[in-house]
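Visitor: Sequence first, then the predicted structure:
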Amino acid sequence: MAERNLAGRIAIVTGATRRMGIGAAICRELAGRGADIAFTHWNDYDRNMPWGGDEDGPGLLKTELESCGVRVLSIQADLSNPDSPKQILDRVEQELGPPSILVNNAAYSINDGYEQLTAELLDAHYAVNMRAAILLSVEFARRFTLGEGGRIINMTSGQSLGAMPKELAYIATKGAIEAFTRSLAPDVAPLGITVNAVNPGPTDTGWMSEELKCELLPRFPMGRVGLPEDAARLVAFLASDDARWITGQVIHSEGGFLR
């Protein structure tokens, strides 16, 4: 069990639908360190993807987190709805109290390429990857009155490090979050809030085929692909007091992945 250095804090983590995912791993790590957890989930997206949904995942994750001795709130939320950010924060405040940690982990990704890209597809990526994360962040900051210990942590995908063919809408919207992270940080620093982003690199959350793993493995000098727990540990560090002097950074934690 990690040191309970987040005891008494309340964290919001978006996109924790699948138990194999990065969102669920972040919830476990934060709960293990004593934070109360509010997580969002939306199975409609995953069940239509190649990896499939985890229908029982949110309920089982809630039970697992509660076994850490923390309070847990499970929120079904369609983040493509522009009203969702305010509704999420309202519910967390009403049922748990004022949050001090926000992790924007939820993402929308459909392979496109220039041949397939349409206004509809671009808007779908924008709604979740950009608008929801930005509105959650600014509403979190507007309501934050604790004076210190505020943390906003955004998840990105290394799109600024090299090309990601066939993912034009995804890289455009995630690239915007990197820029947003850097510019929001000085704006909210006087409130006692730090803002950082984490790029975990290629991470095996159940979506990788065996063929893809074999293709990627030689590019990881540490001899394995990334795991959700790798990202979760870094997020937990950024949420802690040990990271209070770190803000406006995009941290590429990819295990030395060779691009």
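Guide: Received it, and whenever you're ready, just let me know what you need. Every value quoted in this text rests on a predicted model; they were computed, and no experiment measured them.
Visitor: Tell me the buried residues in the strand or helix carrying Leu238?
Guide: Using DSSP states H and E, the element containing Leu238 is helix 228-239. Applying a neighbour-count criterion of 16 or more other CB atoms under 10 Å, the buried positions in helix 228-239 are 228, 230-239. C-betas here are computed from N, CA, C, even on glycine.
Visitor: can the residues you listed go into TSV with extra columns for distance to Asp36?
Guide: Below are these laid out as TSV (distance: CB to CB, whole Å):
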residue	distance to Asp36
Pro228	21
Asp230	24
Ala231	21
Ala232	17
Arg233	19
Leu234	21
Val235	16
Ala236	14
Phe237	19
Leu238	18
Ala239	13
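Visitor: Point out the other elements, helices or strands, that the lengthiest helix in the chain touches.
Guide: If each helix of the chain is counted by residues according to DSSP state H, the longest one is helix 168-188. Contact analysis of helix 168-188 by 3 or more CB pairs under 8 Å, 6 or more residues apart in numbering; DSSP states H and E lists helix 119-125, helix 133-143, strand 150-155, strand 193-199, strand 249-252 as its packing neighbours.
Visitor: Do I have it right that Ala176 meets Met130?
Guide: Yes. Using CB atoms under 8 Å, Ala176 is in contact with Met130, at 5.3 Å.
Visitor: Kindly check the end-to-end length of stretch 180-195 for me.
Guide: For stretch 180-195, the separation between the terminal residues is 9 Å (CA to CA, to the nearest Å).
Visitor: residues in contact with it?
Guide: When contacts are taken as CB atoms under 8 Å, 6 or more residues apart in numbering, the neighbours of stretch 180-195 outside the stretch itself are 130, 133-134, 137-138, 140-141, 144, 146-154, 156, 196-197, 238, 243-244, 246-250.
Visitor: What of stretch 232-245?
Guide: 2, 5-6, 9, 11, 22, 25-26, 28-30, 33, 35, 101, 103, 148-149, 151, 153, 194, 196, 198, 200, 246, 251, 253.
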